[in-house]
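Engineer: Sequence below, structure please.
(one chain, ligands or ions: 2)
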Amino acid sequence: MSDQRLNFSKILAGFKKYPKPNRDLEYGTAGFRTKADLLDHVVFRVGVVACLRSMQKKKAIGLMITASHNIHSDNGVKIVDPLGDMLEQSWEKFVTDVVNSGEDSFEEKIMSIIRSNEIDTSIDGCLFLGWDTRPSSEHLASIACEGVSSLNGTVTKIGLCTTPVLHYVVRCHNDPAYGKASVDGYYDKLLTSFEKLWAKFDHIKKCYSPHIYFDGANGVGAITMEYVSGKIGDKIEIDLHNDDIKTPDKLNHCCGADFVKTQQKLPLSIPAKPCARLVSFDGDADRIMYYFVDPENQFHLLDGDRMATLIAMFLRQIIQEAELDVSLGIVQTAYANGSSTKFITETLKVDVSCVKTGVKYLHHEALKYDIGIYFEANGHGTVIFSQRLKDEIKLKLVSDNEKITSAATTLSLFVDMVNETVGDALSDLLIVETILHAKDWDLSEWEKLYDVLPYQMAKVTVKNRNAITTTDAERRCVTPVELQPKIDEMVSSFKFGRAFVRPSGTEDIVRVYAEAVTQAEANELALRISILVYDLAGGIGERPSLFD
Ligand SMILES: CC(=O)N[C@H]1[C@@H](OP(=O)(O)O)O[C@H](CO)[C@@H](O)[C@@H]1O
Ligand SMILES: [Mg+2]
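Structural biologist: Ligands and ions are numbered 1, 2, ... in the order given. The predicted structure follows:
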């Protein structure tokens, strides 16, 4: 181990320059995320640890500065592992330890990471850095660079980009067979395969309308779609809205995928044009929502569950046509609507599994299938394909049977249109548009696949949210011990009732989810469970009330 790189005085200088406030932070499902002005010390230290991770893996690592759908004054940082996936879980603890350490203990913490991971510190750390449109992002990115430099690592700045672009570029740098490691390479791969697939299904359309109204959340997704619109505008006309990235406080304000999903209503400035196809991205363009307003002015949402089922249905048919013997499965979380799970198992007859909230859990589970489709209900998801599947497709492409080669070509183009590294709103949009176009469907046809059960989500503030622990993919509560029996009793009095509670990984609250046969009952169940949580798990602030 050469100690030349380990110039602790350089790291110490950064620790002194960016002092840590009193409050400790934890690397959660979304990395570190909080008020932007509390993050200087965090990004410096994350730069240091990410550099160590790069040395350990002898591969490039990514750093993304974003707080996704949060308010403009927040920010955050996430580490991307060499294959473009989320940081391995064992390292979440290392990075948390360093971020929270004092000036007197950081050296020991860093040495312990180096020793326990047998890191050869003579290796050059290599990082790719991206950031979103937030006013604080560039400043934080430059401090992250200082952290990396303190270990003499090198940084390639991708600059302003979506989260999925950064994941993609990191993957391609380490695995050049996956694609060209640049923003242009990303667009080129996705859009070229989209155009070719489009041409395969270019028959007369009765139902599919080549027009979408797009909500960019006034974030980086708006820039993406402006570019994409110029490339595919001859196929889909994209009407851009919420594309003001110059006015910071507009970011995610009453718009974006998270707003649409949680509020179940139109975002600002999207026209309530009956039956038009409406789409929202979130602030860093890794989530997407489809929705429409019917002629009676009712709002209809097509969320992550809907996308997973649409994709499974399409791919199941193509793999049958290509005569491929491969496994196909969908991965969901407890937030997936009960009707979607029923439809997948009983009608589609596709394997479905449920995992804990957080994309890393879904991604990991999806790796078990040749085609693993994973989506959180909130619109974050993608599809991953095994090497075995990719090899089988190649064999089918040279089959003598025209139907088989045609299906294999479709599948091969589909694979290239997917950003397998992480949920990607653009890739998901291209996938959904391709399938709707191929099926000649509008959103109401898509919606007819199954009826969703009305649901309600609520938040309860408690003294210590970690007093709530869960099991069975967060569907059952273990502590406080008296809570789950009471939830069971409450749920049993509601037809098709289902409910669960879990501590949020990104906010200091407990989340409550309830489903029932009518909206009024789902609302009531959510409220009753919220009161249980408040009473049994140390609620603070105002007690949820049935009469407010
Ligand atoms: C109900 C919900 O939407 N939860 C979100 C939210 O996590 P919480 O742990 O619920 O705060 O943020 C995560 C990171 O973006 C995302 O993966 C997850 O789906
Ligand atoms: Mg996001």
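Engineer: measure residue 150 to ligand 2 for me?
Structural biologist: Using C-beta to the ion, to the nearest Å, we find residue 150 at a distance of 29 Å from ligand 2. C-beta here means a position set from N, CA and C on the backbone, and glycine is covered the same way.
Engineer: What is the burial count for that residue?
Structural biologist: By other C-beta atoms under 10 Å, 24 other residues sit near residue 150.
Engineer: Surely it and residue 48 touch.
Structural biologist: Yes - proximity of residue 150 to residue 48 meets the contact threshold set by C-beta atoms under 8 Å, at 6.1 Å.
Engineer: overlap in contacts of these two?
Structural biologist: Common contacts of residue 150 and residue 48, defined by C-beta atoms under 8 Å, 6 or more residues apart in numbering, comprise 11, 14.
Engineer: just the helices in the stretch 51-200 of the chain please.
Structural biologist: For the stretch 51-200 of the chain, applying DSSP state H, counting those that start in this stretch gives helices covering 89-100, 106-116, 137-149, 163-174, 183-200.
Engineer: Rebuild the ones you listed as a markdown table, extending it with mean neighbour count and mean pLDDT.
Structural biologist: Output for these, formatted as a markdown table (neighbours: other C-beta atoms under 10 Å; pLDDT from 0 to 100):
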| stretch | mean neighbour count | mean pLDDT |
| --- | --- | --- |
| helix 89-100 | 18 | 97 |
| helix 106-116 | 15 | 95 |
| helix 137-149 | 21 | 98 |
| helix 163-174 | 27 | 98 |
| helix 183-200 | 18 | 98 |
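Engineer: Kindly present these as TSV, with separate columns for distance to residue 288.
Structural biologist: Compiled in TSV, the helices of the stretch 51-200 of the chain are given as follows (distance: least, C-beta to C-beta, whole Å):
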stretch	distance to residue 288
helix 89-100	26
helix 106-116	36
helix 137-149	22
helix 163-174	11
helix 183-200	14
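Engineer: how about the ones you listed, which one is nearest residue 535?
Structural biologist: Set against residue 535 and scored by C-beta to C-beta, these come closest in helix 89-100, at 31.7 Å.
Engineer: If you count neighbours, what's buried in whichever strand or helix holds residue 45?
Structural biologist: Per DSSP states H and E: residue 45 is located in helix 40-57. Across helix 40-57, burial judged by 16 or more other C-beta atoms under 10 Å covers 40-57.
Engineer: of the helices of the stretch 51-200 of the chain, which approaches ligand 1 most closely?
Structural biologist: Of all these, it is helix 163-174 that lies closest to ligand 1, at 10.0 Å by C-beta to the nearest ligand atom.
Engineer: And the average pLDDT for stretch 10-18 is what?
Structural biologist: The predicted model gives stretch 10-18 an average pLDDT of 95.
Engineer: Of all the residues in that stretch, which ones are buried?
Structural biologist: Those would be 11, 14, 15, 18, for stretch 10-18 by 16+ other C-beta under 10 Å.
Engineer: give me the number of residues near the closest residue to residue 218 other than its chain neighbours?
Structural biologist: Nearest non-adjacent residue to residue 218, counting by C-beta to C-beta, 6 or more residues apart in numbering: residue 250, 4.0 Å away. Neighbourhood size, residue 250 [other C-beta under 10 Å]: 19.
Engineer: on that earlier part again, in the buried residues of stretch 10-18, find the pair that's most separated.
Structural biologist: Taking C-beta to C-beta as the measure, the buried residues of stretch 10-18 span a maximum distance of 11.2 Å, between 11 and 18.
Engineer: Quickly note the distance from the closest residue to ligand 1 within the stretch 51-200 of the chain to residue 45.
Structural biologist: Across the stretch 51-200 of the chain, no residue is closer to ligand 1 than residue 68, which sits at 5.8 Å (C-beta to the nearest ligand atom). According to C-beta to C-beta, to the nearest Å, residue 68 stands 21 Å off from residue 45.
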